[in-house]
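K.L.:
Got a predicted structure here, sequence first:
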Amino acid sequence: MQSRIMAEKSMTRVHHDREQVAVEGSGREATRWFTVRQANASYEHPFHAPLEHALNIDFVDAGRGPQAWVAVELTAESARVLVEAHLAVLGCAEAGSYLNPVATSGGASRNVVAVDSNRGG
């Protein structure tokens, strides 16, 4: 399955420990894929992880309600390792010319990584 994730650089400050960013991509709920239009990140008390505080990441399409929501709760160290992994993968994609600039409606460009995935869908 072809999966594309595009993140815009415009971030809106929500709270001192929360960030919200517009994204384009896909998320998987129990039985199907849905469009992801927003990501929320916060460092606060998690709902499920047995931690005092966690980096909480929500991928959502707010227009579709709670069924279009994927939540992740990570330790601070796990979050840092994940960021490093993302940067390493993007660096390899850029070096291999797989990271292609895409024009936005405003004429600016942003980078897109296309990844082939054999995950079920």
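P.N.:
Noted; the coordinates are in hand.
K.L.:
hey, C-alpha coordinates of stretch 75-90 in CSV?
P.N.:
Provided in CSV are the C-alpha atoms of stretch 75-90 (Å, rounded to 0.1, in the frame of the first residue of the first chain):
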residue,chain,number,x,y,z
THR,A,75,8.1,8.3,27.7
ALA,A,76,10.2,11.3,27.1
GLU,A,77,13.2,9.1,26.2
SER,A,78,11.1,7.1,23.8
ALA,A,79,9.8,10.3,22.2
ARG,A,80,13.4,11.5,21.7
VAL,A,81,14.5,8.2,20.1
LEU,A,82,11.4,8.3,17.8
VAL,A,83,12.3,11.9,16.7
GLU,A,84,15.9,10.8,16.0
ALA,A,85,14.6,7.8,14.0
HIS,A,86,12.2,10.0,12.0
LEU,A,87,15.1,12.5,11.2
ALA,A,88,17.4,9.6,10.2
VAL,A,89,14.7,8.1,7.8
LEU,A,90,14.0,11.5,6.3
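K.L.:
Any chance you could list what contacts it?
P.N.:
The contact list for stretch 75-90, computed with CB atoms under 8 Å, 6 or more residues apart in numbering, reads 43, 49, 51, 53-55, 74, 99, 111, 113. Bear in mind the C-beta positions are built from the backbone N, C-alpha and C, glycine included.
K.L.:
One more: stretch 45-52?
P.N.:
Under CB under 8 Å, 6+ apart, the answer for stretch 45-52 is 53-54, 56, 71, 73-75.
K.L.:
Sheet partners, orientation included, of the helix or strand hosting Ala41?
P.N.:
Using DSSP states H and E, Ala41 sits within strand 33-44. Using DSSP bridges, the strands paired with strand 33-44 are strand 18-28 (antiparallel), strand 54-60 (antiparallel).
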